[in-house]
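Visitor: I need the structure of the sequence given here:
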Amino acid sequence: MGITKLADLIRSDAREAVSYKDINDYTGKVIALDTSIVVNQFRTATPSLSPLTGLFFRTLTFLEYDIKPVFVFDGTPPKEKIPVLEKRAEAAGLGPPRRTGIASAQMRDCVELLKYLGVPTIQAPGDAEALCAGLVREGTVDAVSSEDMDTLPFGAHILIRQLNAKKDSEVVEYSLPKLLDILQISQEELVDLSILLGCDYCDKIPGLGPKRALTLIQKHRSIENVVLHVNRKTHPVPHFWKYKEARKIFLDTPHVPIPELIWTEPDEEALVGFLCHVKHTKEARVRHRMQMFREKRKNKREEREKEKEKAAGIKKQSRIEDFFRVTRKRQQPVEVASPLSGNKKKSKYK
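Guide: Here you go, the predicted structure:
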């Protein structure tokens with residue numbers, strides 16, 4: 001779910017914090033992704049296909065553009081999030097959510113697939129989006145790619161949405177520093193605003209819309225002060241409201257030692273063995289996509305090299321004769337004797 005209507009609020013009150021880009025703008029960038037969000041996207045969009053197939057295609061697209069993806073996996077969810085996870089599982093017709101950090105069979109398959117694609121993975125101790133945000137803050141990655149807005153209250157400086165290669169698809173980028181500056185609030189106040197809007201870790205005050213919530217935070221600066229000034233008849237505060245626990249989850253994310261991130265060339269034979277012989281994907285489809293991957297990556301690299309040369313003014317040096325047309329050559333002067341003085345003078349050109 002993320003943060004309820006936070007994206008709408010940013011577009012209306014802090015539009016300068018949002019920029020629209022192309023996937024090419026992220027060439028050479030290291031991007032962290034919440035794996036569960038990517039998998040759920042494919043599960044929803046193509047329920048008849050395995051999410052592994054979607055992950056295979058999407059990852060190759062990133063690599064074609066020389067984007068360096070880092071996939072982060074969920075660990076043990078905070079106990080405050082369990083009710084939300086149970087509701088989502090029930091709505092999707094799935095079994096009860098896992099309450100431990102033990103990966104599901106599908107996520108273990110994702111790890112294996114990404115290994116054969118040559119892409120690094122990281123296991124988070126808790127929510128993957130919290131670790132993704134931490135990776136940005138520490139400078140390990142350049143941005144987080146996620147459809148959930150949670151990464152902003154978690155402290156990710158750059159959030160990217162809609163990072164795909166579809167035609168006419170704009171990548172939407174959110175800048176956290178610009179957002180805080182425009183709204184004139186701190187990171188801690190953004191967390192309190194997110195809790196008022198509605199997050200995964202506690203209830204919200206009923207009837208409190210995004211505009212009103214922003215105004216209250218800008219004026220009173222904390223949930224504690226907002227509660228003192230809100231009309232409790234129209235906006236009843238939840239009993240045993242665990243907003244402090246939610247605030248702690250956002251602000252006190254644990255530091256996790258990050259392994260060295262290494263990207264290698266995809267192993268086509270291992271991919272065929274796993275996707276085709278184990279997961280029963282058609283081999284011709286996998287082989288064809290790998291061939292397309294190699295060709296597209298080569299072409300894009302050549303295009304970028306030409307653009308660099310053009311930008312640097314590197315081109316074939318031209319001779320001056322290429323700019324001026326030669327008509328005829330003048331003859332050289334010759335010395336002749338003067339019949340009157342006997343002296344030699346230079347004559348005119350013959």
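
Visitor: Can you pull out the residues in contact with stretch 165-174?
Guide: Residues outside stretch 165-174 that contact it (C-beta atoms under 8 Å, 6 or more residues apart in numbering): 10, 17-23, 25-26, 61, 64-65, 143, 152, 158-163. C-betas here are computed from N, CA, C, even on glycine.

Visitor: Pull out the buried members of those residues.
Guide: By neighbour count, with 16 or more other C-beta atoms under 10 Å, the contacts of stretch 165-174 hold 10, 17-18, 23, 26, 61, 64-65, 143, 152, 158-161, 163 as buried.

Visitor: What is the nearest of those residues to Arg297?
Guide: Glu64 (4.8 Å; C-beta to C-beta).

Visitor: measure that closest one to Glu224 for me?
Guide: For Glu64, the distance to Glu224 equals 50 Å [C-beta to C-beta, to the nearest Å].

Visitor: can you check Ile31 too?
Guide: Distance from Ile31 to Glu224, by C-beta to C-beta: 37 Å.

Visitor: so what pLDDT did the closest residue to Ile158 other than its chain neighbours get?
Guide: Nearest non-adjacent residue to Ile158, counting by C-beta to C-beta, 6 or more residues apart in numbering: Ala143, 3.8 Å away. If you check Ala143, the pLDDT there is 98.

Visitor: got the contact list for Ala143?
Guide: Tyr26, Lys29, Ile31, Ala32, Val136, Ala156, His157, Ile158, Leu159, Ile160, Glu173.

Visitor: Quick check: beta-bridge partners of it?
Guide: As for beta bridges, Ala143 partners with Ile31 under DSSP bridges.

Visitor: Can you tell me how far it is from Ser175?
Guide: 10 Å.

Visitor: Which one's more surrounded, Ile31 and Glu224?
Guide: Ile31 (23 against 11; other C-beta atoms under 10 Å).

Visitor: wait, doesn't the more buried one sit right on Pro69?
Guide: Yes: Ile31 lies in contact with Pro69 (C-beta atoms under 8 Å); the separation is 5.5 Å.

Visitor: okay, and the common contacts of the two?
Guide: Among the neighbours of Ile31, those also in contact with Pro69 (C-beta under 8 Å, 6+ apart) are Phe62, Ser145.
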